[in-house]
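K.L.:
here is my input; please provide its structure:
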Amino acid sequence: MRLSRAAAIVLRQFYLLRGSPSRVFPLFVWVAIDIVLWGFITRYLGTITREPGMDLLPALLGAVLLWDFLTRVMQGVTMAFFEDVWSRNFLNVFATPMTIAEYVTGLVLSSIATSSVGLVVMIVVAGAVFGLSMLVYGAMLVPFLLVLFLFGIALGIVGTAVVLRLGPSAEWFIWPIPALLSPFVGVFYPLSTLPSWMQAISRLLPPSYVFEGMRTIVAGDSVSWTTVLMGGGLAVLYILLAALFFTRVFRHAVRTGLIARYSAESVS
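P.N.:
Numbering: from 1, shown residues only. Down below sits the predicted model:
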């Protein structure tokens with residue numbers, strides 16, 4: 001065994017990291033997210049342990065289920081797009097009369113199918129193993145899921161546009177998006193736990209209204225429909241902005257020839 005050969009492998013990885021910010025990003029982002037997220041979770045748990053009658057099962061496990069649903073929706077869109085990228089089929093798709101709207105609609109429909117299966121499995125497992133019934137959220141479960149679904153679709157469309165613009169290597173920027181947002185939307189703790197600057201960002205994110213409403217129901221109070229409509233309105237707005245962003249990126253790719261030079265490396 002020669003250390004010089006092992007050192008050559010290390011040097012290759014160093015050059016890969018130096019020339020690709022998308023590979024450097026995951027080195028520190030997961031550590032930072034874990035520290036921030038679990039720090040606020042610990043602070044929240046320290047307060048509710050002093051509150052009698054608080055049921056943690058629907059408050060925490062239910063939050064995990066709903067947040068995972070949003071993540072699956074986003075990944076349903078991006079994975080359908082990545083399959084075309086990985087198989088070098090993306091250019092072939094648009095060599096047909098396929099329009100942008102039809103392609104994006106196909107991605108959304110694929111996400112509906114995959115995320116619905118995942119949701120059913122999660123509900124069955126949570127109910128069978130831990131006795132969690134989603135009926136605890138009542139009729140509000142439907143608008144909650146709808147808001148999360150719409151926002152997940154918006155994130156998925158933005159993610160595909162980013163990869164289309166920067167190249168397949170940029171997919172490393174896409175996977176951490178849900179984790180980056182989770183500390184701000186209060187998946188596991190109320191927004192009041194956050195500092196004021198994070199609360200200001202939270203008000204711009206539709207899932208924050210869902211998880212605040214979920215905890216309100218678990219605490220035995222009623223949820224204001226104004227709050228739900230606010231989250232739904234923001235989700236629809238982000239869908240429209242995401243579609244506009246994807247359209248502009250796609251037209252740029254066609255105009256500059258980027259779409260024809262699409263490869264496994266960054267083409268920014």
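K.L.:
so which elements touch the helix or strand that contains I9?
P.N.:
Element membership of I9 [criterion: DSSP states H and E] is helix 3-18. Applying 3 or more CB pairs under 8 Å, 6 or more residues apart in numbering; DSSP states H and E, one finds that helix 3-18 contacts helix 21-48. Just so you know, the C-beta spots here come from the backbone N, C-alpha and C atoms, and that holds for glycine as well.
K.L.:
tell me the mean pLDDT for the helix it packs on?
P.N.:
In this model, helix 21-48 carries a mean pLDDT of 64.
K.L.:
for stretch 113-124, same thing?
P.N.:
pLDDT averaged over stretch 113-124 gives 86.
K.L.:
what do you get for stretch 3-15?
P.N.:
Averaging pLDDT along stretch 3-15 yields 73.
K.L.:
extract the residue ranges of the protein that are flagged as low pLDDT.
P.N.:
Applying pLDDT under 70 to the chain flags the ranges 1, 5, 13, 16-17, 19-59, 260-268.
K.L.:
how many residues are close by A200?
P.N.:
Neighbours of A200 under the rule other CB atoms under 10 Å: 11.
K.L.:
run the chain-centre distance for the helix holding I9.
P.N.:
Centroid displacement of helix 3-18 relative to its chain, using CA atoms, centre = their mean, to the nearest Å, is 33 Å.
K.L.:
in terms of contact, does L66 touch L148 like I think?
P.N.:
Yes: applying CB atoms under 8 Å as the test, L66 and L148 come out as touching, 6.1 Å apart.
K.L.:
common neighbours of those two, please.
P.N.:
Residues touching both L66 and L148 by CB atoms under 8 Å, 6 or more residues apart in numbering: V210.
K.L.:
same drill for those two, tell me which one is more crowded.
P.N.:
Higher neighbour count among L66 and L148: L148, with 27 against 24, using other CB under 10 Å.
K.L.:
remind me which helix or strand the more buried one belongs to.
P.N.:
Using DSSP H and E, L148 maps to helix 141-166.
K.L.:
would you mark the buried spots in the helix holding I9?
P.N.:
By neighbour count with 16 or more other CB atoms under 10 Å, helix 3-18 contains no buried residues.
K.L.:
next one: stretch 187-194
P.N.:
Buried residues in stretch 187-194, defined by neighbour count with 16+ other CB under 10 Å: V187, F188, Y189, P190, L191, T193, L194.
K.L.:
what's the answer for stretch 76-83, then?
P.N.:
Within stretch 76-83, the residues that count as buried by 16+ other CB under 10 Å are G76, V77, T78, M79, A80, F81, F82.
K.L.:
how far does it sit from its chain's centre?
P.N.:
With CA atoms, centre = their mean, you get 13 Å for stretch 76-83.
K.L.:
ok, residues contacting it?
P.N.:
With contact meaning CB under 8 Å, 6+ apart, stretch 76-83 is reached by 89-90, 106-108, 110-115, 152-153, 155-157, 159-160, 163-164, 168, 171, 174.
K.L.:
kindly report the same for stretch 124-141.
P.N.:
For stretch 124-141, the external contacting residues (CB under 8 Å, 6+ apart) are 57-58, 61-62, 65, 123, 144, 213-214, 217-218, 223, 228.
K.L.:
among the residues you listed, which are located in helices?
P.N.:
Taking DSSP state H as the definition of helices, the contacts of stretch 124-141 contribute G62, L65, I123, F144, G213, M214, I217, V218, V228.
K.L.:
could those residues be laid out in TSV, adding neighbour count and distance to F250?
P.N.:
Conversion of these to TSV gives the following (neighbours: other CB atoms under 10 Å; distance: CB to CB, whole Å):
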residue	neighbour count	distance to F250
G62	25	38
L65	17	34
I123	15	36
F144	26	32
G213	23	36
M214	23	36
I217	19	41
V218	19	43
V228	19	33
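K.L.:
among the residues you listed, which two are most distant?
P.N.:
I123 and V228 (20.6 Å; CB to CB).
K.L.:
ok, back up a step: tell me the buried residues within the contacts of stretch 76-83.
P.N.:
By neighbour count, with 16+ other CB under 10 Å, the contacts of stretch 76-83 hold 90, 107-108, 110-111, 114-115, 152-153, 155-157, 159-160, 163-164, 168, 171, 174 as buried.
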